[in-house]
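# Mind looking at a prediction? Sequence and model below.
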Amino acid sequence: MSQQLPCNLLLGIQTVSLRVNKEEEFCVRNAALLVNRLVKFYEKKANSSDPNAVMALVALDLAMCGLKFESEKTNLLEDVQAENEQLLAMAEEFTL
């Protein structure tokens with residue numbers, strides 16, 4: 001069984017207390033750093049300190065990153081599959 005660790009994070013202006021698996025703590029803390037960097041970026045870019053507006057922009061940015069990543073991963077997998085099929089077809093020609 002994995003041990004749960006307390007993890008207190010500051011996200012924007014909100015403090016969040018979580019219990020996370022020991023294996024995930026590094027990821028959780030790095031994700032919080034990324035969120036806070038984006039908060040600062042959008043506070044400057046939008047010239048706004050409204051936490052709701054800034055966090056909405058951060059959420060949109062991170063969601064878009066996730067969707068783009070999934071799309072690129074799917075395209076890459078399709079390209080690899082197509083190349084594998086071509087290589088298998090070429091290998092079959094040589095075995096005949």
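Received it, and whenever you're ready, just let me know what you need.
# and the spatially most central residue of the chain, what helix or strand is that in?
In the chain, the residue lying closest to the centroid (C-alpha atoms, centre = their mean) is residue 66, at 5.5 Å. In this structure, residue 66 sits in helix 51-95 according to DSSP states H and E.
# Could you check how far that helix is from the centre of its chain?
With C-alpha atoms, centre = their mean, to the nearest Å as the basis, the distance from the averaged C-alpha position of helix 51-95 to the chain average is 13 Å.
# next one: stretch 11-18
The chain centroid and the centroid of stretch 11-18 are separated by 19 Å under C-alpha atoms, centre = their mean.
# average pLDDT across it?
Across stretch 11-18, pLDDT averages out at 92.
# which outside residues touch it?
6-10, 28, 32, 35-36, 39, 51, 54-55, 58 (C-beta atoms under 8 Å, 6 or more residues apart in numbering). From N, CA and C alone the C-beta is placed, and that goes for glycine too.
# the inter-axis angle of the helix or strand where residue 5 lies versus helix 51-95?
For residue 5, the enclosing helix or strand under DSSP H and E is strand 4-11. What separates the directions of strand 4-11 and helix 51-95 is an angle of 120 degrees, with axes from the mean of the first three to the mean of the last three C-alpha atoms, to 10 degrees.
# Buried by neighbour count: which residues of strand 4-11 qualify?
Counting neighbours by 16 or more other C-beta atoms under 10 Å, one finds that the buried residues in strand 4-11 are 7, 9.
# Would you give the sheet partners of the next helix or strand after it, along with the direction of each?
Where DSSP H and E defines the elements, the next helix or strand beyond strand 4-11 is strand 14-21. Here strand 14-21 is paired, per DSSP bridges, with strand 4-11 (antiparallel).
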